[in-house]
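> One predicted model, sequence on top.
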Amino acid sequence: MAIKASRRGRIAPFIVMDVMAAANARVAAGHDVVHLEVGQPSTAAPAGVIEAAARALESERLGYTEALGVPELRRAIADDYRARYGVAVDAGRIAVTAGSSGAFVLAFLAAFDAGDRVAFATPGYPGYRNILAALDVEPVPLAAERADGFQPTVDLLSALPYPPDGLILASPANPTGSMLVPDDIRRLVGWCATNGVRVISDEIYHGITYGKPAVTLADLTPSAIVINSFSKYYSMTGWRLGWMVVPPDLARVVECLAQNLFISPPTLSQHAACVVFACKGDLDANVRRYAENREVLLEGLPRCGFGPFAPADGAFYIYAGIGAFGGESPDIAREILNDAGVAVTPGLDFDVVRGKDYVRFSYAGSSDEMREAVRRLEVWWQRRTTAR
């Protein structure tokens, strides 16, 4: 008799990780690849963070911490809300997590039961859909339009047969980089309040914006779950550290879940992260580089046949149409990797229906890499056009 395996594990792969593996295999075979597939800064953590980690290795036992994190880091995060947004957040509402991925697991388990329905805009981060599905919560994709920045709208929500139990907002968003303006956020929050919908705000790209202000829901509604991360703006991806601002009604629920699922966040990372808020000079220098990279790609990619584009207001992504190439995104991404030596992510990772017509570029690398990627793509596009 066959031994049973859980159906909850039968979720779609995170395609960008498969692309990274294929790109790494190509490098191992002796080929050169410009990596524009993975959304992580090419820079290490700030020097102050690394120095703090070294001190902790020498002086700290590095045992378990409290399930919600060390008090000094929770206070530092609360202080940053006051400094960055002018918002008073009680440190008792801060839950430090094993990356934002751990925060999403805790948030979905705390807020939703099996069979509940949670809406989010597509294209969108695939982890939303796949984590929800693994927890037997029904994903409700909202087919957002480019004219709306691929962001959810009240009209899309109102067109559903009945209100969902939750709504995920992301501003700036992955894969598009688009942002919601404050009035649209307030309209969405108001609709959710009227209809009893819990909002989860993914704010992991706050700090990486190009002219538009990022708005935190920690200032708009006490029932929202706000999620952030040390991975993106703070350049600490491999340290696996994030946090949540937890509504009062879920505080003990989240703590009990964290105790049982994770025991505590990574201890060394917590001690190191306590100083990261004093490293904004280094971090803002990274954002200036992202802004330069963004301009390189927005100027160069149309010459290579790509477009139209989602509005790249923040984060470090460009979501680009591939209609000129006459193929679907997995095939085009594979061709670009093999023929141009540039790794990009197929749009099907972010939108299982319309993503065949898009690819995502990450411009978190060096400016030299962006210029080299455009050069290679121009050669590829010219060669491809001539071959026709």
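Ah, there it is. Since we're looking at a predicted model, the values are computed, not measured.
> Break the chain down into its domains, please.
Residue ranges for the domains of the chain, per automatic domain parsing: 8-44+280-387, 47-278.
> any idea which of the ones you listed scores lowest on pLDDT?
With a mean of 92, domain 8-44+280-387 has the lowest mean pLDDT of these.
> out of the domains of the chain, which comes closest to residue 2?
Closest of the domains of the chain to residue 2 is domain 8-44+280-387, at 15.1 Å (criterion: C-beta to C-beta). C-beta coordinates here come from the backbone N, C-alpha and C atoms, glycine included.
> so how far is the closest one from its chain's centroid?
16 Å (C-alpha atoms, centre = their mean, to the nearest Å).
> cool, stretch 259-276 as well?
For stretch 259-276, the distance to the chain centre is 20 Å (C-alpha atoms, centre = their mean).
> could you dump that stretch to PDB, C-alpha only?
Taking C-alpha atoms only, stretch 259-276 is exported to PDB below (Å, rounded to 0.1, in the frame of the first residue of the first chain):
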ATOM      1  CA  GLN A 259       6.500  29.900  20.200                       C
ATOM      2  CA  ASN A 260       5.400  26.600  18.700                       C
ATOM      3  CA  LEU A 261       6.400  27.000  15.100                       C
ATOM      4  CA  PHE A 262       9.700  28.900  15.300                       C
ATOM      5  CA  ILE A 263      10.700  29.100  19.100                       C
ATOM      6  CA  SER A 264      12.400  32.400  18.300                       C
ATOM      7  CA  PRO A 265      13.900  34.400  15.400                       C
ATOM      8  CA  PRO A 266      17.600  34.000  14.600                       C
ATOM      9  CA  THR A 267      19.400  35.300  17.700                       C
ATOM     10  CA  LEU A 268      22.600  36.500  16.000                       C
ATOM     11  CA  SER A 269      20.600  38.400  13.400                       C
ATOM     12  CA  GLN A 270      18.600  40.100  16.000                       C
ATOM     13  CA  HIS A 271      21.600  41.400  17.900                       C
ATOM     14  CA  ALA A 272      23.100  42.600  14.600                       C
ATOM     15  CA  ALA A 273      19.900  44.300  13.400                       C
ATOM     16  CA  CYS A 274      19.600  46.500  16.500                       C
ATOM     17  CA  VAL A 275      22.100  48.900  15.000                       C
ATOM     18  CA  VAL A 276      20.900  48.900  11.400                       C
END
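> Mind putting the domains of the chain into CSV with mean neighbour count and distance to residue 2?
Output for these, formatted as CSV (neighbours: other C-beta atoms under 10 Å; distance: least, C-beta to C-beta, whole Å):
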stretch, mean neighbour count, distance to residue 2
domain 8-44+280-387, 18, 15
domain 47-278, 19, 22
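> Distance to residue 1 added to those, as a markdown table?
Formatted as a markdown table, those follow (distance: least, C-beta to C-beta, whole Å):
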| stretch | distance to residue 1 |
| --- | --- |
| domain 8-44+280-387 | 20 |
| domain 47-278 | 25 |
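> Just the element for residue 169, please.
strand 166-170 (DSSP states H and E).
> neighbouring strands for that strand, and are they parallel or not?
Here strand 166-170 is paired, per DSSP bridges, with strand 117-122 (parallel), strand 198-202 (parallel).
> Return the alpha-carbon coordinates of the helix or strand following the first one using CSV.
Where DSSP H and E defines the elements, the next helix or strand beyond strand 117-122 is helix 126-134. Output in CSV follows, covering the C-alpha atoms of helix 126-134 (Å, rounded to 0.1, in the frame of the first residue of the first chain):
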residue,chain,number,x,y,z
PRO,A,126,3.8,34.2,-5.6
GLY,A,127,4.4,33.5,-2.0
TYR,A,128,1.0,35.0,-1.2
ARG,A,129,-0.8,32.5,-3.4
ASN,A,130,1.3,29.5,-2.5
ILE,A,131,1.5,29.9,1.3
LEU,A,132,-2.2,30.5,1.5
ALA,A,133,-2.8,27.4,-0.6
ALA,A,134,-0.5,25.3,1.7
